[in-house]
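J.: I would like to see how this sequence folds:
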Amino acid sequence: MAGWAGSTRRSRLPADWSKRRARVKARAKGRCQASTHVPECDGYGNECDHVVPTDDHSLTNLQWLSAPCHWAKTLAEAKQASTDHRAALKLPRESHPNRAR
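T.: Numbering: from 1, shown residues only. Have a look, this model is predicted:
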């Protein structure tokens, strides 16, 4: 899976990940639990997602999503993280030293 390339996420999953994943799927009755569905979503999930993208693998932080909804959520999180990072790096605006004030 291309999304896992270069990621250490898989190695950080708990030893009982397959059991947790199965419990999340059963709890959702196989349905996509996205708060907002993308047009490509058929309503059925096939991927376990962390609600808050951390290493919190508790059942309360896991949801069952369709691949299209999972992809859209991941892209939105990446875009937000990039925006937050750029905002944090913004330096105060200063006049150029050769410019009259």
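
J.: from now on I want contacts and neighbour counts done on CA atoms only, so please keep to that.
T.: OK.

J.: helices along this structure, start to end?
T.: In order along the chain, the chain carries the following helices (DSSP state H): 17-28, 67-89.

J.: may I see the buried residues of the first one?
T.: For helix 17-28, a neighbour-count test (16 or more other CA atoms under 10 Å) marks 20-21, 23-25, 28 as buried.

J.: relative to Ala67, how far out is the residue nearest the centre of the chain?
T.: Geometric centre of the chain, nearest residue: Thr74, 3.9 Å, by CA atoms, centre = their mean. In this structure, Thr74 lies at 10 Å from Ala67, with CA to CA, to the nearest Å as the measure.

J.: before we move on, what about Ala78?
T.: Applying CA to CA, one obtains 16 Å for the distance of Ala78 from Ala67.

J.: what does Asn46 give?
T.: Taking CA to CA as the measure, Asn46 falls 7 Å from Ala67.

J.: so between those two, which is more surrounded?
T.: Higher neighbour count among Asn46 and Ala67: Ala67, with 19 against 16, using other CA atoms under 10 Å.

J.: you'd agree the more buried one is up against Gly45?
T.: Yes. Judged on CA atoms under 8 Å, Ala67 makes contact with Gly45 at a distance of 7.0 Å.
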